[in-house]
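> model this:
(2 chains)
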Amino acid sequence: MSSGLRLVLRGPPQQRLDLSPLTPDRLAGLDRAAIERLAVGTTRETIRVGDIFIVHDGDPASLAIEGGSERFDRVGEGMRSGALHLDGDAGMRAGRGLAGGRLTIAGNVGPLAASGMIDGHIEIGGDAGACLGGPLPGERAGMRGGVVVVRGGVGERAADRMRRGLIVVAGDARRHAGCAMIAGTLIVCGQADHTAGILMRRGTIVLGRPCTLSPTFIGVGDADPVFRRLLARAVAPLCAQAAALAMIATRRFNGDMAAIGKGEVLMAS
Amino acid sequence: MPGVTRNGVLIDDTFAEAFDMRATALVITAPTARWARQAAATATGFATSIIGCGVEAGIDATLDPEATPDGRPGMRVLMCAGSTGELQKQLLARVAQCVLTSPGSACYAGLEGTEALKLGDGLRYFGDGWQISKRIGGRHIWRIPVMDGEFVCEATTGLTKGAVGGGNLILMGRTTEATLAAAEAASDAIAGVADAIAPFPGGIARSGSKIGSKYKALPASTNDAYCPTLRGVAPASALGDDTASVLEIVIDALTPGAVAAAMRAGLHAAIALGPERGASRIGAGNYGGKLGKHHFRLLELLS
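Numbering: from 1, shown residues only, chains lettered A, B, ... in the order given. Purely as a prediction, here's the structure:
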């Protein structure tokens, strides 16, 4: 039996919810009554935690939310420490601005997951929506650090303007994966399309299946094995598929020459 | 000088006097064990004594691929100096000239320290703007384009201010051959001790020195008390009539415990040969205990 704090969903929410108050660091020191009074609604109708969840006492440093919904927005947003597990789906901005700790979401997530993430670890069991690790409109950069692992596929513009950190996608990536990357590493074990890496400045994109990149990428032959070995070892505890890919992604393309051309795409043959 | 006899070998009742040093460690890897050793040997060449080399360095261990960051054959080397500034200067110069230049090499931190020394952070400019910074697996590395691919180098390595230099054994024998055999046995034993190096050629010094000289420009000069050819001539010879040759092993290590372990290993290896095939007497060098704060007594190391 877990000693962590548990929130059990009473039923499907009737409006979109802002679950950003429910992080281990923000719940520290609050008793059950105080937690139940926290407002999580997003409309003029006030919704509190106690209306949506049955709260079971426990250590908030290990928080579990049982039952998910695509209406659960901002899950783990700004989280700084501890562990938060959501046993289901989440809506938009899951883990946005995450600065520490570990967020795991068993199901699918909506757009802008890990947006502006600073540090920590996010694991998504299903698919992720558009702009994974990307910036909000008006922001200059996306993810700035940390590790994101997506067991399924990702939507458009994954790692958009990513500055630092690591994103591992076990499945496929839709259009514009790694577009305008500033730095960092994106690994897509499945299929990406020809828009991958478009306008990237620096950074590394590793693609599991061959695709024809933009003509502004230049094939430079074999990628140096030392970095790929280090990458394989680093991602092995996260995703065995990605670790294997790092060892076989030997074709290197430099680009995007339409930007400053200091990025690289490593591709399996 | 009183002492005890073990296996026919006289062990002087004396001590080695050693000093605090600043030190770091590197892990150097390459596509093959041959090239890992070549890079490590080159980087630790001309590094016998801080008197003339700026740094004392040597190979600490051969690493299996499983023990290196990139899964390739590797070597761990130690570098010790008298000051942090000199250590930093020597570190960058040696890695730049001897490791960066070696085919297929990569270089990583070999020590976690409370303070950091620049490694790739100082060498990255060789990339002339094409260098790539990556943070993966808890490491910050620089990828510097070179003519055979990339030189991967960790950004920093650790510094320890708790290193000790100057542990030593003085091996005295009845013939040149027996003395060398004892020194070789001791050096081989010390090579197996972790976190310790014997920086002189093959781990052995034949020109032990004393502080100072009759010539004012020299900080050190020959240790006339242990020169067989000066017996009866030098003012205070430490040698008996049956000593024909003397060799010294100097030990630097990351901790006082590692110095003691290395001296113990060397001492026992030399004793095991006996006085006919090895040294007939073993002593240690000191300055009366007034200069170095670490004293390693030979008789305590016999146990």
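
> and the nearest residue to residue B:90 once chain neighbours are set aside, how far from residue B:197?
Spatial nearest neighbour of residue B:90, excluding adjacent residues (Cβ to Cβ, 6 or more residues apart in numbering or on different chains): residue B:55 at 4.0 Å. Every residue, glycine included, has its C-beta placed from N, CA and C. Note on residue B:55: its distance to residue B:197, by Cβ to Cβ, to the nearest Å, is 11 Å.

> what do you get for residue B:99?
Note on residue B:99: its distance to residue B:197, by Cβ to Cβ, is 17 Å.

> again with residue A:90
In terms of Cβ to Cβ, residue A:90 sits 55 Å off from residue B:197.

> what is the three-state secondary structure of residue B:163?
Assigned state for residue B:163: strand (three-state reduction, DSSP: H, G, I helix; E, B strand; the rest coil).

> sorry, wrong one. I was asking about residue A:219.
Here residue A:219 is strand, with the state taken from three-state DSSP.

> who does it form a beta bridge with?
residue A:253 (DSSP bridges).

> who's in contact with it?
A:251, A:252, A:253 (Cβ atoms under 8 Å, 6 or more residues apart in numbering or on different chains).

> cool, and residue A:166?
By Cβ under 8 Å, 6+ apart, the residues touching residue A:166 are A:146, A:147, A:148, A:184, A:185, A:186, A:187, A:234, A:235, B:136.

> keep only those of the residues you listed that are in strands.
A:147, A:148, A:185, A:186, A:187, B:136 (DSSP state E).

> about what we covered before: got JSON lines for the contacts of residue A:166, with distance to residue B:284 and pLDDT too?
Converted to JSON lines, the contacts of residue A:166 look like this (distance: Cβ to Cβ, whole Å; pLDDT from 0 to 100):
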{"residue": "A:146", "distance to residue B:284": "54", "pLDDT": "97"}
{"residue": "A:147", "distance to residue B:284": "53", "pLDDT": "98"}
{"residue": "A:148", "distance to residue B:284": "58", "pLDDT": "98"}
{"residue": "A:184", "distance to residue B:284": "55", "pLDDT": "97"}
{"residue": "A:185", "distance to residue B:284": "53", "pLDDT": "98"}
{"residue": "A:186", "distance to residue B:284": "59", "pLDDT": "98"}
{"residue": "A:187", "distance to residue B:284": "57", "pLDDT": "98"}
{"residue": "A:234", "distance to residue B:284": "47", "pLDDT": "96"}
{"residue": "A:235", "distance to residue B:284": "51", "pLDDT": "97"}
{"residue": "B:136", "distance to residue B:284": "47", "pLDDT": "92"}
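
> overlap in contacts, residue B:55 and residue B:197.
Any residue near both residue B:55 and residue B:197 by Cβ under 8 Å, 6+ apart counts here, and that gives residue B:80.

> quick one, which of these two is more surrounded?
Taking other Cβ atoms under 10 Å in any protein chain shown, residue B:55 and residue B:197 do not tie; residue B:197 has more neighbours (32 against 28).

> tell me which residues form a beta bridge with the more buried one?
According to DSSP bridges, beta-bridge pairing links residue B:197 with residue B:252.

> which residues are in contact with it?
With Cβ under 8 Å, 6+ apart, residue B:197 has these contacts: B:56, B:57, B:58, B:59, B:60, B:77, B:78, B:80, B:251, B:252, B:253.

> among those, which two are most distant?
Spanning the widest gap among those are B:77 and B:251, at 15.2 Å by Cβ to Cβ.

> for the closest residue to residue A:249 other than its chain neighbours, report the pLDDT, please.
Leaving aside its sequence neighbours, residue A:249 sits nearest to residue A:266 (Cβ to Cβ, 6+ apart; 4.0 Å). On pLDDT, residue A:266 comes in at 98.

> now do residue A:266 against residue A:250, distance only.
Counting by Cβ to Cβ - residue A:266 and residue A:250 are separated by 7 Å.

> and the helices in the chain, which stretches?
All of this is about chain A. Counting by DSSP state H, chain A has helices at residues A:24-27, A:32-36, A:49-52, A:225-235, A:240-248.

> chain B, not that one
Using DSSP H, helices in chain B cover B:33-43, B:84-94, B:120-123, B:176-191, B:256-277, B:298-301.

> of residue B:77 and residue B:251, which one has the most company?
Neighbour comparison, residue B:77 and residue B:251: the larger count goes to residue B:251, with 33 against 27 (by other Cβ under 10 Å).

> quick check: that one touching residue B:262?
Yes - with contacts counted by Cβ atoms under 8 Å, residue B:251 reaches residue B:262, the gap being 4.7 Å.

> shared neighbours, the two?
With Cβ under 8 Å, 6+ apart, residue B:251 and residue B:262 have common neighbours B:167, B:190, B:196, B:198.

> that older thread, of all the contacts of residue B:197, which comes closest to residue B:155?
Nearest to residue B:155 among the contacts of residue B:197, counting by Cβ to Cβ, is residue B:77 at 18.1 Å.

> and of the contacts of residue A:219, the nearest to residue A:133?
residue A:253 (21.4 Å).

> find me the pLDDT at the closest one, would you?
According to the prediction, residue A:253 has pLDDT 97.

> same check on residue A:2?
For residue A:2, the model assigns a pLDDT of 54.

> which positions in the stretch 101-250 of chain B make contact with chain A?
B:106, B:130, B:132-139, B:141, B:143, B:149-150, B:152 (Cβ under 8 Å from any Cβ of the partner chain).

> give the contact list for the residue nearest to residue B:175 when sequence neighbours are not counted.
The shortest distance from residue B:175 to any non-neighbouring residue, by Cβ to Cβ, 6+ apart, is to residue B:244 (5.5 Å). For residue B:244, the contacting residues are B:173, B:174, B:175, B:176, B:179, B:228, by Cβ under 8 Å, 6+ apart.

> among these, who's most crowded?
Counting by other Cβ under 10 Å, residue B:173 has the largest number of neighbours within the contacts of residue B:244, with 29 neighbours.

> please tell me how far the closest residue to chain A within the stretch 201-303 of chain B sits from residue B:225.
Relative to chain A, the nearest point of the stretch 201-303 of chain B is residue B:254 (25.2 Å; Cβ to the nearest Cβ). To residue B:225, residue B:254 is 30 Å away according to Cβ to Cβ.

> what about the strands in the stretch 51-200 of chain B?
With DSSP state E, counting those that start in this stretch as the criterion, the stretch 51-200 of chain B has strands at B:56-63, B:74-81, B:106-109, B:115-118, B:132-136, B:139-146, B:149-154, B:156-173, B:196-197.

> which of the ones you listed is buried the deepest?
Across the strands of the stretch 51-200 of chain B, averaging neighbours per residue (mean count of other Cβ atoms under 10 Å in any protein chain shown) puts strand B:196-197 on top, at a mean of 30.
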